[in-house]
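Student: everything below, folded, please.
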Amino acid sequence: MGACLAVSGKRWAVSACLVLGFCAGGRVAGAQGGAAYGQPQRDGAARAALSSAVAAARARLEYERAAAEYDRSRELHRRRMLSDADLDARRLDAERARLAYVEESLAAAAPHVTIERAAKERTRDGRTTVRLTLRNASSGAGPLALGAARARPAYAAADDSASPPDALDTGDSLDALVQRVVGGGVIRDLFVSLKADPGANGTTISIPYERHVAALRRGRAATIVFELYRDVPDLVVSVSYGDRVEERRVFLDRAAGAAGAARFAVQSAQLSQEADLGAQAIFDLRVDRLAAADAARLVVDGMAPGVAYELRDPESKARLTQIRFGDGEETRRLQLVVALPQRATAAVRADVPLRFAVVARAGDVADDTADTSRGGSRPGDAGRVALELVPRGLPRVELRAINLYHELAAGDSAVTEVVVRNSGSRALDALQLRADAPPGWRVEFAPPAIPALAVDAERPVRLVVHAPRDASVGDYEARVRVASAAADHRVETEDKVLRLHVADGASVAGTVVVIGLVVAGAGGAAVVGRRWMRR
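Tutor: Numbers count the residues shown, from 1 in each chain. Here you go, the predicted structure:
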């Protein structure tokens, strides 16, 4: 009877220790899992751990009660006061209670892995890596760790050779046996991978595809590093151990970055463009945040003198010199607008590429830490993209004529002069003058071609129009134009129209006589006037 009371007292002590131990274990697990869960999740996990602890403690008390009952039954059986069938029933009750205790203990000691941090950073050679920290936040072996006194059926004693063997008896206490089965809170063979989407069809976006952690003790943390195939703001962490697979989508934090690594990356969809002199070129830019930095200062490095430029927001068109990243914002888009001068200069020459770069560095860095006007930048905070703009001269020909109206007789010719001027921004080669004349008419140019014409240069050309002998009296038109060998650009020119009037021979002779009389009369009047003035 005293042994029964001792066992009963020990049961209450064990029960109290179990409840207190599991409450503390729930608080520790909640504290360790704080990086992965919010307060409601931590409270739910603590309640579940406490419920498992209470169930395990209840199962242990039931097992000790059944074991003590079986001890009394064996004593009664030895005194021939209990039948063999009743003794077997008590033994089966003790075995059932023992198995229930083992089952509840294993459930209370279920392993759990929390994600403490997932930080993304850019290495010095431009690779994007993720540093993942995992912690074994299992509640521990619970009642197994208490090391209570041996609690097993008394029929396993050596002086009871008639009793059936105990299948779970190994010579140790039951707690030590289950402790070895659980592994002392150590999670073995964890396989970790990073995926774009959860589930079996989720694409792995890291190298290596999977990391292996051989063992992770309870309360300990392990840090593993992956390299990302593509830069993403969030991803799914898949952790597999035993027969369990846990997947959680996490937002990637920004690490401070390796020494010498850039905090920002600048990219452009157009690395090289062409633009005519006097025109604009627009580069679409994207600035990605690579490390823990909120603001980026933008500088255009190496732009040629005389070239105007501005960085602006593509939506509001506001001019920018600094951009700020909001909470959860990883990318900002902007535009670089470059305006070329109207004419070529010593720094801006046609067909000679202009090379420059857009630099983004940390906004909290003082201006005297780097000379960005000369391409310098502070190590560890600057990202840059090299760009190229090729100025193209715009070919343009201006055609001038002294007289566009001519009157002539059939079979006669008219002579005039036209001036060809290069009013564009690039030199022209092999210019040819051509005319669309009426049928039977003939137009000649002297010289017929101009080998080269520099910018702002001009050249006079003699033009002779021959009318056919059978030309009818009336008005005619001849269109004069200039063609150039500028193969990559169309020459912009304005055609000139010569208006030709064919009159009959008599009217032409009369016109000549009238003109002669008018000239003679004017000359006589001038002579008379001079004589009168001398008087």
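
Student: CA atoms for contacts and neighbours, from now on please.
Tutor: OK.

Student: any idea how many residues pack against Ala137?
Tutor: Close neighbours of Ala137, defined as other C-alpha atoms under 10 Å, add up to 26.

Student: let me fix that, I meant to ask about Arg434.
Tutor: Using other C-alpha under 10 Å, the number of residues around Arg434 comes to 16.

Student: same question for the one 10 residues further on.
Tutor: Number of residues near Glu444 (other C-alpha under 10 Å) recorded here: 15.

Student: surely it is within a strand?
Tutor: Yes. Counting by DSSP: H, G, I helix; E, B strand; the rest coil, Glu444 is located in a strand.

Student: so it touches Ala467, yeah?
Tutor: No. Between Glu444 and Ala467 there is no contact under C-alpha atoms under 8 Å: 11.8 Å.

Student: can you give me the strands for the stretch 151-300 of the chain?
Tutor: Ranges of strands within the stretch 151-300 of the chain are 187-195, 206-207, 211-216, 221-228, 234-241, 244-251, 253-254, 264-268, 272-276, 280-289, 295-301, based on DSSP state E, counting those that start in this stretch.

Student: same list, those strands, but as TSV with distance to Leu517 and mean pLDDT please.
Tutor: Output for these, formatted as TSV (distance: least, C-alpha to C-alpha, whole Å; pLDDT from 0 to 100):
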stretch	distance to Leu517	mean pLDDT
strand 187-195	104	91
strand 206-207	102	91
strand 211-216	112	92
strand 221-228	99	93
strand 234-241	100	92
strand 244-251	102	89
strand 253-254	100	76
strand 264-268	79	84
strand 272-276	58	90
strand 280-289	63	89
strand 295-301	76	88
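
Student: which stretch among those strands comes nearest Glu458?
Tutor: strand 272-276 (22.0 Å; C-alpha to C-alpha).

Student: in the stretch 351-500 of the chain, which spans are strands?
Tutor: According to DSSP E, counting those that start in this stretch, the strands that the stretch 351-500 of the chain contains are 354-362, 383-392, 396-401, 405-409, 413-422, 428-436, 442-446, 449-453, 458-466, 474-483, 492-493, 496-503.

Student: comparing those strands by mean pLDDT, which bottoms out?
Tutor: Ranked by mean pLDDT, these end with strand 492-493 at the bottom, a mean of 66.

Student: which ones are touching Val385?
Tutor: Going by C-alpha atoms under 8 Å, 6 or more residues apart in numbering, Val385 touches Val266, Gln267, Ser268, Ala357, Val358, Val359.

Student: which one (most neighbours) among those residues?
Tutor: For these, the largest number of neighbours (other C-alpha under 10 Å) sits with Val359, at 24 neighbours.

Student: buried ones in stretch 397-406, by neighbour count?
Tutor: Neighbour-count burial for stretch 397-406 flags Val397, Glu398, Leu399, Arg400, Ala401, Leu404, His406 (criterion: 16 or more other C-alpha atoms under 10 Å).

Student: for the last one, which non-adjacent residue is spatially closest?
Tutor: In other words, His406. Leu500 (5.1 Å; C-alpha to C-alpha, 6 or more residues apart in numbering).

Student: how about the third one?
Tutor: Excluding the flanking residues, the one nearest Leu399 by C-alpha to C-alpha, 6+ apart is Val420, at 4.9 Å.

Student: enumerate every residue touching that neighbour.
Tutor: Val420 makes contact with Val397, Glu398, Leu399, Arg400, Glu458, Arg459, Pro460, Val461, according to C-alpha under 8 Å, 6+ apart.

Student: and the strands in the stretch 1-150 of the chain, which stretches?
Tutor: Going by DSSP E, counting those that start in this stretch, the stretch 1-150 of the chain shows strands at 113-122, 128-136.

Student: by how many degrees do the shortest one and strand 211-216 diverge?
Tutor: Spelled out, that is strand 128-136. Using axes from the mean of the first three to the mean of the last three C-alpha atoms, to 10 degrees, the direction of strand 128-136 lies 20 degrees away from that of strand 211-216.

Student: I'd assumed Ala410 was in contact with the residue nearest to His406.
Tutor: No. Using C-alpha under 8 Å, Leu500 is not in contact with Ala410; the gap is 11.1 Å.

Student: any buried residues in stretch 192-209, and which?
Tutor: Buried residues in stretch 192-209 (16+ other C-alpha under 10 Å): Val192, Ser193, Leu194, Lys195, Ala196, Asp197, Pro198, Thr204, Ile205, Ser206.

Student: again with stretch 467-477
Tutor: For stretch 467-477, using 16+ other C-alpha under 10 Å, the buried residues are Ala467, Pro468, Ala471, Tyr476.

Student: before we move on, back to that, could you look over the strands of the stretch 1-150 of the chain and pick the most buried one?
Tutor: strand 113-122 (a mean of 23; mean count of other C-alpha atoms under 10 Å).

Student: quick one: distance of that one to the chain centre.
Tutor: How far strand 113-122 lies from its chain's middle: 20 Å, per C-alpha atoms, centre = their mean, to the nearest Å.
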